[in-house]
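[1] 3D model of this:
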Amino acid sequence: MFRVLCCLLSAVLFPILAEAQGHRLEVAIHGLEDSTIYLAHHYGDLQLMKDTITLDSKGRGLFQGNELLPRGLYLVVFPGKTSYFEILVDEDQHFSLETWRDAPASKMKVTGNTDNEVFFNDLRFIQTKKEEYTSLQAKKERLEEQCAEDSTHRRCDSIAIINKRFKDINAQVELHRGLLMEENKNSLYAYILRASENPKIPPAPRDELGNLVDSNWDYHYYKSHFFDAIDFTDDRILRTGIYHQKLKTYIETLVVQHPDSIIKEADWIISRSLENDELFKYTAAWILNKYAKNELVCMDKIYVHVAEKYYMSGMADWVGEEQLKTIARDAMKMKPCTCGSTGRNITATDINGVTRSLYDIKADYTILLFIESDCGLCQKATPKVYDYWLTVRDQGVSAMCIAMDLLPDKWRKYITEKGYTEWINLIDPEDQSKFRENYHVISTPLIYILDKDKKILAKRLGADQLPEYMSFLMKNKDRM
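    As a prediction, this is how the structure comes out:
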């Protein structure tokens with residue numbers, strides 16, 4: 001009897017459970033009858049298409065499937081893909097939306113999904129406050145024009161009243177959002193709002209005499225708490241655009257723009273992202289790709305580090321074999337000439353046919369310039385580098401210009417006619433010294449700066465950057 005009852009229950013419950021699986025998003029958009037619309041979702045800074053449907057003669061349609069959609073912030077995109085409205089897709093993926101084309105957010109009616117009801121109610125509230133703010137701003141600007149002409153105008157006092165009203169509006173929005181997050185603390189929308197906020201900086205600590213303990217308190221606090229609201233176990237944040245912007249802002253503006261500093265912070269963020277496979281994948285890939293072809297001084301060192309530590313170690317298990325080979329090959333080409341490494345020796349023939357060696361140069365600094373005599377950019381950069389070097393060659397700065405040319409006679413004519421004869425000119429048509437590989441010369445002109453021990457201090461400098469960078473190095477010689 002018990003087994004029969006179990007079978008009966010299974011037969012009854014199975015259709016209900018099956019129906020609850022997957023996603024079913026009913027939409028009705030008045031004004032888009034017989035039109036094609038799209039469902040997309042955010043992923044980092046991208047918007048990825050997920051589905052396409054054609055609405056019927058009453059503007060109704062259905063996005064549905066047997067699989068649950070990856071949770072996050074989605075877009076219902078109108079024909080032409082120039083306008084859209086956003087919706088939240090979380091655990092409950094069976095609900096309906098009805099709206100009008102001309103004002104989809106303000107006229108939205110949601111059935112069967114509390115999170116989206118809260119979302120659109122909030123959008124409407126924020127829109128009314130925005131309109132109020134804009135109206136007051138226009139009024140304030142008119143008053144400021146009048147008061148600039150006549151400061152005794154009877155209505156000038158109204159500017160202070162408007163400024164107070166601005167503060168009141170901001171306070172209302174902050175209170176409204178605070179209550180919303182408290183009352184819906186476990187919802188996707190509350191998480192989005194929390195994650196979107198920037199750290200609120202408390203007063204800086206002071207010692208017993210009232211002096212600031214840390215003069216950079218605001219920066220240090222803001223930076224150290226920047227990711228506090230991000231749950232690194234939850235990959236929904238990837239499909240909102242928030243995580244991408246946080247990651248980009250942190251790396252590009254809050255971290256000191258030096259390769260070693262960026263590497264340290266990149267490791268810290270990636271270590272946090274390891275709590276979720278999707279976040280780890282996105283974080284490591286974004287940092288790797290950002291510095292894959294970065295033209296800033298020394299930044300390829302970051303690519304090499306991330307490639308070796310996370311990709312070549314086998315941690316990036318989402319990468320295919322061929323792609324991994326490409327990443328590893330590129331990293332190994334860059335590695336010998338990253339900043340901080342010792343530049344490898346170059347032995348080649350000078351303009352008089354004499355063999356010269358980079359390692360024979362005895363100078364505090366050596367400027368390495370790689371050129372091609374018929375390269376247009378080289379012809380613009382070389383005179384700038386040469387003229388600058390002439391001004392500092394008596395200050396412990398040597399220079400070596402290595403040509404990529406394959407025709408020595410043509411190269412000698414170019415050097416002689418241009419008068420670049422005071423520095424060391426070398427050519428190695430058969431690349432016996434492997435300088436193309438050892439210094440990753442894939443384009444010209446290319447400028448390196450080496451110290452007295454031939455350690456690479458800078459690379460990929462522009463000719464116009466060289467004087468300022470050299471000046472910095474020479475002024476800070478004892479600190480480096």
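[2] contacting residues around stretch 273-292?
    44, 232-235, 237-238, 243-244, 247, 251, 266, 269-270, 299-300, 302-303, 306-307, 310-311, 315-316, 318, 327, 330 (Cβ atoms under 8 Å, 6 or more residues apart in numbering). Any C-beta I mention is one placed from the backbone N, CA and C, and that applies to glycine too.
[3] filter those down to the buried ones.
    44, 232, 234-235, 237-238, 243-244, 247, 251, 266, 269-270, 299-300, 302-303, 306-307, 310-311, 316, 327, 330 (16 or more other Cβ atoms under 10 Å).
[4] from these, which land in helices?
    Those of these mapping onto helices are 243-244, 247, 266, 269-270, 300, 302-303, 306, 327, 330, per DSSP state H.
[5] can you list the domains in this structure?
    Here the domain parsing of the chain from automatic domain parsing is 21-112, 119-149+156-196, 217-337, 347-479.
[6] could the ones you listed go into a markdown table alongside mean pLDDT?
    Shown next, in a markdown table, are these (pLDDT from 0 to 100):
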| stretch | mean pLDDT |
| --- | --- |
| domain 21-112 | 96 |
| domain 119-149+156-196 | 92 |
| domain 217-337 | 95 |
| domain 347-479 | 94 |
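[7] so which of those domains gets nearest P202?
    Closest of those to P202 is domain 217-337, at 7.2 Å (criterion: Cβ to Cβ).
[8] quick one: the closest one to chain centroid distance?
    Put simply, domain 217-337 sits 9 Å off its chain's centre (Cα atoms, centre = their mean, to the nearest Å).
[9] and the ones in helices among the buried ones among the contacts of stretch 273-292 as JSON lines, adding distance to F85?
    Listed next are those as JSON lines, based on distance: Cβ to Cβ, whole Å:
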{"residue": "Y243", "distance to F85": "22"}
{"residue": "H244", "distance to F85": "21"}
{"residue": "L247", "distance to F85": "26"}
{"residue": "A266", "distance to F85": "36"}
{"residue": "I269", "distance to F85": "32"}
{"residue": "I270", "distance to F85": "34"}
{"residue": "D300", "distance to F85": "42"}
{"residue": "I302", "distance to F85": "38"}
{"residue": "Y303", "distance to F85": "39"}
{"residue": "V306", "distance to F85": "37"}
{"residue": "I327", "distance to F85": "39"}
{"residue": "D330", "distance to F85": "42"}
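[10] any idea how many residues pack against the nearest residue to N116 once chain neighbours are set aside?
    Excluding the flanking residues, the one nearest N116 by Cβ to Cβ, 6 or more residues apart in numbering is V110, at 4.5 Å. V110 has 20 neighbours, counted by other Cβ atoms under 10 Å.
[11] pretty sure V110 is touching L123, no?
    No: here V110 lies out of contact with L123, judged by Cβ atoms under 8 Å, at a distance of 11.4 Å.
[12] relative to G44, how far out is the nearest residue to D45 once chain neighbours are set aside?
    Nearest residue to D45, sequence neighbours excluded (Cβ to Cβ, 6+ apart): H244, at 4.7 Å. The spacing between H244 and G44, counted by Cβ to Cβ, to the nearest Å, is 4 Å.
[13] what's the answer for P205, then?
    37 Å.
[14] contacts only, for Y38.
    Contacts of Y38 by Cβ under 8 Å, 6+ apart are 49-52, 75-77, 81.
[15] buried set for the helix or strand hosting it?
    Here Y38 sits within strand 36-43, counting by DSSP states H and E. Using 16+ other Cβ under 10 Å as the test for burial, strand 36-43 gives 37-43.
[16] can you list phi and psi of the closest residue to I242 other than its chain neighbours for me?
    Spatial nearest neighbour of I242, chain neighbours left out: A195 (5.0 Å); criterion: Cβ to Cβ, 6+ apart. Backbone torsions for A195, taken as degrees, to the nearest 10, come to phi -70, psi -30.
[17] same question, P202
    Main-chain dihedrals, P202, degrees, to the nearest 10: phi -80, psi 170.
[18] what distance do you get for it to E26?
    When Cβ to Cβ is applied, the distance between P202 and E26 equals 47 Å.
[19] hmm, who's touching the helix or strand hosting K410?
    Using DSSP H and E, K410 sits within helix 408-418. With contact meaning Cβ under 8 Å, 6+ apart, helix 408-418 is reached by 349, 351, 373-374, 382-383, 403, 405, 421, 425, 427, 429.
[20] any of those residues buried? List them.
    The buried subset of the contacts of helix 408-418 - by 16+ other Cβ under 10 Å - is 349, 351, 373, 382, 403, 405, 425, 427.
[21] which one of those residues is nearest A105?
    Of those, the one sitting nearest to A105 (Cβ to Cβ) turns out to be T382, at 58.2 Å.
[22] if we can go back for a sec, keep only those of the contacts of helix 408-418 that are in strands.
    349, 403, 425, 427 (DSSP state E).
[23] ok, those vs V255, which is closest?
    A403 (38.0 Å).
[24] does that closest one really touch I424, like I thought?
    No: taking Cβ under 8 Å as the definition, A403 is not a contact partner of I424, at 11.4 Å.
[25] hmm, back to that, could you point out which element follows the strand holding Y38?
    For strand 36-43, the following helix or strand on the C-terminal side (DSSP H and E) is strand 46-54.
[26] that next one: what's the following helix or strand?
    Heading C-terminal from strand 46-54 (DSSP H and E), you reach strand 60-65.
[27] follow-up on the earlier one: of all pairs in the buried ones among the contacts of helix 408-418, which one is the farthest apart?
    Among those, the pair separated by the greatest distance (Cβ to Cβ) is T349 and T382, which sit 19.2 Å apart.
[28] where do the helices sit along the stretch 1-150 of the chain?
    Taking DSSP state H, counting those that start in this stretch, the helices of the stretch 1-150 of the chain run over residues 2-20, 114-149.
[29] what helices or strands is the last one leaning on?
    Helices and strands touching helix 114-149, by 3 or more Cβ pairs under 8 Å, 6 or more residues apart in numbering; DSSP states H and E, are strand 84-89, strand 109-111, helix 158-183, helix 188-196.
[30] pick the most buried one from the ones you listed.
    strand 84-89 (a mean of 21; mean count of other Cβ atoms under 10 Å).
[31] now the angle between helix 114-149 and that one, please.
    140 degrees (axes from the mean of the first three to the mean of the last three Cα atoms, to 10 degrees).
[32] contacting residues around strand 84-89?
    23, 25, 40-41, 69, 71-78, 97, 99, 104-105, 108, 113, 115-116, 119, 188-189, 192.
[33] now the buried members of those residues.
    23, 25, 40-41, 69, 71-78, 97, 99, 104, 108, 113, 115-116, 119, 188-189, 192.
[34] for G396, give its distance to S357.
    Distance from G396 to S357, by Cβ to Cβ: 19 Å.
[35] out of the contacts of helix 408-418, flag the one nearest to D90.
    Nearest to D90 among the contacts of helix 408-418: T382, at 60.0 Å, using Cβ to Cβ.
[36] now for H244 and G44: what residues contact both?
    With Cβ under 8 Å, 6+ apart as the test, H244 and G44 both reach 238, 282, 286.
[37] could you grab the helix/strand/coil label for the second one?
    Looking back up the chat, that one is Y282. helix (DSSP: H, G, I helix; E, B strand; the rest coil).
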